[in-house]
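Enquirer: Would you be able to build a 3D model of this:
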Amino acid sequence: MDRTTIKGPVYQRLAGVLETMIQRQSLRPGDRMPSVRQFSRQQRVSVPTALQAYATLETRGLIAARPKSGFFVQARQADFVREPDNTSAPQKVTDLADFDPLESLLADHSNARLVPFGAALPSGKLLPAEKLARIMGAIARKLGPESIQCDIAPGSERVRREIARRSLEWGCSLAPDDFIVTIGGTEALSLALRATCRPGATVVVESPTYYNLLNMLRELRLNALPVRMDGANGMDLDALDRALRRTRVAACVVIANFNNPTGSLMPDENKRRLMEILARRNVPLIEDDIYGDLQHEGPRPRCVKAFDRDSRVLLCGSFSKTLAPGYRVGYIAAGRYHRQVLGLKKTSSLAGASLPAFAIAEFLRNGGYDRYLRTLRQHYRRQVARMREAIVESFPENIGLSRPKGGFVLWCELPKRVDSIKLFWQARSAGISIAPGQLFSTQRTHQNFIRLNCGHPWDAATERSIGILGHLVKKMSA
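Expert: Residues are numbered from 1 along each chain as shown. Coordinates of the predicted model:
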């Protein structure tokens, strides 16, 4: 049993390895665990240490003790819940005239009186704020007056060099000159859309998709062509192929690695086929890879960019979900559109803030990022699993619940009688922020869906809030 990659006390490392075995079904529900004494001998640890590891797993609901029989792997209720059916979402339209999702959800995230299940932003308690602050202070002292200068586009070479070095892990071999540093991932997406599309053009999007992408399309006067999602594998490529035969499109936007809101991961063979379908019609792909570093287990998934043979992919990303949302450090590798994107960057924001970008670059350079990511991924994996189990215990039986392979959001299909906009307001009155499903659809479908943010430490308020949400959903569906 290899426990060298899991940090913390020995009992926590042992518990983490056993949890991974349970998640991968090497240990299946109903299997008997080795006795505590046997396990202590196997791992060459003391009996109290082995017992602590088992107690940790018991607390997480992964194993249970049976009198005079030992410990057994627990069958978790969430493992038997179906995934949401994104193809059968009701077509009922809800009036959103007085509902600004971006303003409401982001304002709710900073409202300390609300439990923040709405906006997909990680808790500052999980991020390396103090270490980044120390790095930034050291850089400011070293550079002196130079530290307050603008970071003119395409951005500092030291930042672009570190991002380029990490591209090898994405399945790419990009150079520093391939990147432009942006003000977060939002600016990267906006620049990509502006470089590939003209007002009135049509853009293929996933359904459901990231709600602020839909806001961007509206502001840029672009039309959206939604293509349904397969809960496990991402965009339905057969549906995409049929749609492209009927409709002329200017670009296609996907979140292939851990889609927001479904958490799905597009397999490599699908990524390759996606590029083949788009290449036949000369359609550029805008890839949002903001969650790519947050796999729950195994190696980091490759970007679709790794299968790009003619530079038609505009790869967008940022460190907002992994390091520092407030630093607003993002990037774009625009391929054949590099010159257009650079020109648009210079005429819109021109530059970014130097110090945050330098601090991110130093964090990447000194190896702290990889060590930190290992811990963050474990937290998100456990938090998502715990949230799924709590939802199944508190919500009605006839729900659908996503099985994310990365990231920290859950997509939940509620009974058909539930209107998630009404649920939003009732939950908000109870001190809870959620994201209604209609916001993730171009046609305001997914009326009975919600997205929940799991990017916060589990505590009593979180557990209580899931219970309150379950009560509200049961009342609405009765």
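Enquirer: What are the buried residues along the helix or strand hosting Ile466?
Expert: Assessed by DSSP states H and E, Ile466 sits inside helix 460-477. By neighbour count on 16 or more other C-beta atoms under 10 Å, the buried set for helix 460-477 is Thr462, Ser465, Ile466, Ile468, Leu469, Gly470, Leu472, Val473, Met476, Ser477. Backbone N, C-alpha and C define where each C-beta goes, glycine included.
Enquirer: elements contacting it?
Expert: Where contact means 3 or more C-beta pairs under 8 Å, 6 or more residues apart in numbering; DSSP states H and E, helix 460-477 is packed against strand 115-116, helix 368-394, helix 420-429, strand 432-433.
Enquirer: Point out the one among these that comes closest to Leu213.
Expert: Taking C-beta to C-beta, helix 420-429 is the member of those nearest to Leu213, at 18.9 Å.
Enquirer: From the chain's centroid, how far away is that closest one?
Expert: 23 Å (C-alpha atoms, centre = their mean, to the nearest Å).
Enquirer: Could you pull up the mean pLDDT of it?
Expert: Helix 420-429 shows a mean pLDDT of 93.
Enquirer: With stretch 348-363 instead?
Expert: On average, stretch 348-363 scores 94.
Enquirer: Kindly report the same for stretch 133-140.
Expert: Stretch 133-140 comes out at a mean pLDDT of 94.
Enquirer: For that stretch, list every residue counted as buried.
Expert: Here stretch 133-140 shows Ile135, Met136, Ile139, Ala140 as buried, counting by 16+ other C-beta under 10 Å.
Enquirer: thought the third one was touching Ala357?
Expert: No: taking contact to mean C-beta atoms under 8 Å, the distance of 10.0 Å between Ile139 and Ala357 leaves them out of contact.
Enquirer: Where in the chain is the helix or strand with the lowest mean pLDDT?
Expert: Across the helices and strands of the chain, the lowest-confidence element by mean pLDDT, DSSP states H and E is helix 101-109, at a mean of 64.
Enquirer: Please enumerate the helices of the stretch 151-300 of the chain.
Expert: Here the stretch 151-300 of the chain has its helices, by DSSP state H, counting those that start in this stretch, at 157-166, 184-196, 211-219, 237-246, 268-280.
Enquirer: Just say which of these is most tucked in.
Expert: For the helices of the stretch 151-300 of the chain, the largest average neighbour count (mean count of other C-beta atoms under 10 Å) is found in helix 184-196, namely a mean of 24.
Enquirer: Make CSV out of the helices of the stretch 151-300 of the chain and add distance to Leu414 and mean pLDDT.
Expert: Output for the helices of the stretch 151-300 of the chain, formatted as CSV (distance: least, C-beta to C-beta, whole Å; pLDDT from 0 to 100):
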stretch, distance to Leu414, mean pLDDT
helix 157-166, 39, 95
helix 184-196, 29, 97
helix 211-219, 18, 90
helix 237-246, 24, 95
helix 268-280, 28, 97
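Enquirer: Which of these sits closest to Gln42?
Expert: If you check each of those against Gln42 by C-beta to C-beta, helix 268-280 wins as the nearest, at 35.7 Å.
Enquirer: which SSE is Gly317 in?
Expert: Using DSSP H and E, Gly317 falls in strand 313-318.
Enquirer: So which of the helices and strands packed on helix 460-477 is nearest Gln12?
Expert: When the helices and strands packed on helix 460-477 are compared by C-beta to C-beta, helix 368-394 sits nearest Gln12, at 9.7 Å.
Enquirer: Tell me which residues of the closest one come out buried.
Expert: Of the residues in helix 368-394, 368-369, 372-373, 376-392, 394 count as buried by neighbour count, 16+ other C-beta under 10 Å.
Enquirer: So which elements touch it?
Expert: Against helix 368-394 (3+ C-beta pairs under 8 Å, 6+ apart) you get helix 10-23, strand 400-401, strand 409-413, helix 460-477.
Enquirer: out of the ones you listed, nearest to Thr247?
Expert: So among those, strand 409-413 is nearest, using C-beta to C-beta, at 26.3 Å.
Enquirer: who does the closest one touch, helix- and strand-wise?
Expert: Contact here means 3+ C-beta pairs under 8 Å, 6+ apart; on that basis strand 409-413 packs against helix 368-394, strand 400-401, strand 449-453.
Enquirer: What distance do you get for the residue sitting furthest away from the middle of the chain to Lys475?
Expert: Largest separation from the mean C-alpha position in the chain: Lys68, at 43.2 Å (C-alpha atoms, centre = their mean). Relative to Lys475, Lys68 is positioned 43 Å away (C-beta to C-beta, to the nearest Å).
Enquirer: what's the answer for Gly431, then?
Expert: Gly431 is 17 Å from Lys475, by C-beta to C-beta.
Enquirer: Hmm, Lys405 and Val384 touching each other?
Expert: No: the criterion here is C-beta under 8 Å, and Val384 misses it with Lys405 at 9.7 Å.
Enquirer: which residues do those two both contact?
Expert: Both Val384 and Lys405 are contacted by Gly263, His296, under the criterion C-beta atoms under 8 Å, 6 or more residues apart in numbering.
Enquirer: Tell me which of the buried residues of stretch 133-140 fall in helices.
Expert: Residues of the buried residues of stretch 133-140 located in helices (DSSP state H): Ile135, Met136, Ile139, Ala140.
Enquirer: any chance of these in JSON lines, plus distance to Ile163?
Expert: Converted to JSON lines, these look like this (distance: C-beta to C-beta, whole Å):
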{"residue": "Ile135", "distance to Ile163": "17"}
{"residue": "Met136", "distance to Ile163": "18"}
{"residue": "Ile139", "distance to Ile163": "17"}
{"residue": "Ala140", "distance to Ile163": "22"}
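Enquirer: His338 is in what secondary structure piece?
Expert: His338 is part of helix 338-348, with elements assigned from DSSP H and E.
Enquirer: starting at the chain centroid, how far to that helix?
Expert: Here the centre of helix 338-348 is set off from its chain's centre by 27 Å, with C-alpha atoms, centre = their mean.
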